[in-house]
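Engineer: Test case, fold it:
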Amino acid sequence: MEVKTIGILTSGGDSQGMNAAIRAIVRNAVRCGIKVKGIFDGYQGLIDGNFIDLDIGDVSGIIQKGGTMLGTARCMAFKEQAGIQQAADNCRKFGIDGLVVIGGDGSFRGAGDLSRAGIPCVGLPGTIDNDIACTEYTIGFDTAMNVAMEAIDKIRDTITSHHRCAIVEVMGARAGWVALEVGIATGASYIALPENILPGESPKERYERIKKEIAERLKEGQEKGRKNFTVVVAEAVTSLNKVATVEEMAHEIMEMTGIDTRGTCLGHIQRGGSPTVRDRIAATRMGYHAVQILKKGIGNRVVGEENGVVYDMDIQEGLAKKKHLPEDLLDIWRKVGY
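Structural biologist: From the prediction side, this is the model:
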């Protein structure tokens, strides 16, 4: 199969480095004699036929920018067979021979659906949560961690002055990668992870148990003469499951301990900002690799990275994998982090 034109879309939540990936895809493809179409707003743009021709000049000056120049969205219509068929029909109508999809697990499922509909697709892992099992690293993770770390460092400056406890909520809908690594990097007194759930325990029961553990940890520190504390909480433990806001958790812990406690939700600041070197390089390498796959007419693949090596595998195989927090980091937090 001769590949003359490929498309690019970004889907789901944005992450820093998506623009770097788009740049690498366009520049490599054009220099291989392949035309590129950008698709606005994810799968919705594919269904609507909202495309733009991209050349090397169109991606100049975007490598340092956060977000995605193509926009992104979550598309309910694409979950239906009619939406998938419309997207595939538009690819054929506009001469798109293959597609690069940058996003998370949900985006990869869509890429698998399109591949089965006859449009070769390659997925690139773009999410700050680092929760995609088929890769050791996801585009945006390093930048998000650095943004969160810098914010917590600033918060720590002021809580030290006022002898307070800061409860800081970071992103992590299903996994605690950001919370764990940022918590270790900032010397947190406690890290509340979504993985810390007992068999049969409800989100509310987990919240109450973790809250008590935090209070006990703070009291222990107080008895040893500590006057300020930082607690890092993944959003899945608090606001995402609607059991409590981080401000409510802070108030409850203050009542339990007598320590002046403030809650801060970092929110979407973690998705913004200029990508780090780590994310620019990872995005560029993965974007280059995606073109190398598609120009052979191969689809239904997802690109990953492990031990510094970029590779690809079958999408369904990648989605079936499981990813766990590193035991050594968990052990480090237990013994060194506090």
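Engineer: hey, let's count contacts and neighbours off CA atoms from now on
Structural biologist: Fine.
Engineer: chain center to stretch 197-210, what's the gap?
Structural biologist: Here stretch 197-210 is found 24 Å from its chain centre; the criterion is Cα atoms, centre = their mean, to the nearest Å.
Engineer: so what does the helix or strand N28 falls within touch, helix or strand wise?
Structural biologist: According to DSSP states H and E, N28 maps onto helix 18-31. Packing contacts for helix 18-31, counted by 3 or more Cα pairs under 8 Å, 6 or more residues apart in numbering; DSSP states H and E, involve strand 35-39, helix 277-294.
Engineer: wait, which of these is closest to D113?
Structural biologist: helix 277-294 (16.5 Å; Cα to Cα).
Engineer: which residues are contacting whichever helix or strand comes after the closest one?
Structural biologist: Scanning forward in sequence from helix 277-294 by DSSP H and E, the next helix or strand is strand 301-306. For strand 301-306, the surrounding residues in contact (Cα atoms under 8 Å, 6 or more residues apart in numbering) are 108, 121-125, 134-138, 286, 289-290, 310-315, 318.
Engineer: Quick check: closest non-adjacent residue to A29.
Structural biologist: V291 (6.2 Å; Cα to Cα, 6 or more residues apart in numbering).
Engineer: and the one you found, what does it touch?
Structural biologist: With the criterion set at Cα under 8 Å, 6+ apart, V291 makes contact with I25, N28, A29.
Engineer: Neighbour-wise, give me the winner out of those.
Structural biologist: Using other Cα atoms under 10 Å as the neighbour test, those are led by I25, with 28 neighbours.
Engineer: Not counting its neighbours along the chain, what's nearest that one?
Structural biologist: G287 (4.9 Å).
Engineer: Correct me if wrong: I152 contacts V168.
Structural biologist: Yes - counting by Cα atoms under 8 Å, I152 touches V168, with 7.5 Å between them.
Engineer: quick one, which of the two is more surrounded?
Structural biologist: Legend: neighbour count by other Cα under 10 Å for I152 and V168, higher for V168 (28 against 25).
Engineer: Roughly how far does the more buried one sit from T230?
Structural biologist: Taking Cα to Cα, to the nearest Å as the criterion, V168 is separated from T230 by 8 Å.
Engineer: do the same with E169
Structural biologist: From E169 over to T230 the distance is 11 Å, taken as Cα to Cα.
Engineer: go on, D142?
Structural biologist: D142 is 21 Å from T230, by Cα to Cα.
Engineer: now the strands: where do they sit in this structure?
Structural biologist: Ranges of strands within the chain are 5-10, 35-39, 51-54, 98-103, 121-125, 165-170, 190-192, 229-234, 261-265, 301-306, 309-314, based on DSSP state E.
Engineer: Could you list every helix and strand in contact with the second one?
Structural biologist: Going back to what we said before, that points to strand 35-39. strand 5-10, helix 18-31, strand 51-54.
Engineer: so which of those gets nearest G103?
Structural biologist: Comparing the helices and strands packed on strand 35-39 by Cα to Cα, strand 5-10 comes nearest, at 6.0 Å.
Engineer: and that closest one, average pLDDT?
Structural biologist: Across strand 5-10, the average pLDDT comes to 97.
Engineer: same thing with stretch 118-131?
Structural biologist: Rounded mean pLDDT across stretch 118-131 is 96.
Engineer: how long is that stretch end to end?
Structural biologist: Stretch 118-131: ends 28 Å apart by Cα to Cα.
Engineer: chain center to that stretch: distance?
Structural biologist: For stretch 118-131, the distance to the chain centre is 11 Å (Cα atoms, centre = their mean).
Engineer: Over to stretch 165-177?
Structural biologist: The answer for stretch 165-177 is 13 Å, by Cα atoms, centre = their mean.
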